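Student: Just a sequence and a predicted model for now, questions to come.
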Amino acid sequence: RPHVVHDCFNVCSRRAGCSLSLPDRACVQCRDGRGRMMSGSVENKLQLSLFLLRVSVFVVMAMWSLDKILAPDHAAAVFENFYFISGMGAGILLVLGVVQLAIEVAFLLGLWKVWTYGFVLVTHTISTLSSWQQYLDPFNNMLFLAAIPMLAACIALFLLRDDDRMWTLSKS
């Protein structure tokens, strides 16, 4: 008869009189994808947290992609001022914006996680680092500071990508 542990942390019902109160590694309901023990409550909170991070990061990243598509003059000014790349034409920005948006939609859907989560992390890291001068004068550039916790969110999503399963199309 299998060893059953209710809620993974309650008393074992393997045999009468058993007082095991540690989690049982055989309790499938309480294991994450890598064999770590996790209560249902913590798992639900983790899933919701990762989902909300993914959606909110997508919204910000998608706005910058749409900026390239819908406001190429503004996007060109951003490239010139922050990346020191001048002469970005509307055609190049349109292609860049569409490709970037397609990758971000795949990120939102939880597809090809190493590549899409990695892309979001790398592009946001570059964006955050390119704004370093604004961080030297924080009181006149407060909105730039929001890039720092968003970078932390991107790092967390990349590190926990295998655990991010809520409303994804990924098989993992």
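Tutor: Received it, and whenever you're ready, just let me know what you need.
Student: For the longest helix along the chain, buried residues please.
Tutor: Assignment by DSSP state H gives helix 40-70 as the longest helix of the chain. Buried residues in helix 40-70, counted by 16 or more other C-beta atoms under 10 Å: 43, 46-47, 49-51, 53-54, 57-58, 60-62, 64-65, 68-69. Placement of C-beta: from N, CA and C, glycine included.
Student: what helices or strands is that helix leaning on?
Tutor: Helix 40-70 makes packing contacts with helix 72-82, helix 90-108, helix 113-130, helix 147-159 when contacts are defined by 3 or more C-beta pairs under 8 Å, 6 or more residues apart in numbering; DSSP states H and E.
Student: Present the ones you listed as a markdown table; the columns should include mean neighbour count.
Tutor: As requested, the helices and strands packed on helix 40-70 are arranged in a markdown table below (neighbours: other C-beta atoms under 10 Å):
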| stretch | mean neighbour count |
| --- | --- |
| helix 72-82 | 16 |
| helix 90-108 | 17 |
| helix 113-130 | 17 |
| helix 147-159 | 16 |
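Student: Tell me which of the ones you listed lies nearest to residue 167.
Tutor: Each of the helices and strands packed on helix 40-70 has some distance to residue 167 by C-beta to C-beta; the shortest is helix 90-108, at 9.3 Å.
Student: Report the distance from the closest one to the chain centre.
Tutor: Remark: helix 90-108 is offset 18 Å from the chain centroid, using C-alpha atoms, centre = their mean, to the nearest Å.
Student: on contacts alone, who are the packing partners of that helix?
Tutor: helix 40-70, helix 72-82, helix 113-130.
Student: Hey, what's the angle from it to helix 147-159? Just curious.
Tutor: On the basis of axes from the mean of the first three to the mean of the last three C-alpha atoms, to 10 degrees, helix 90-108 is oriented at 60 degrees to helix 147-159.
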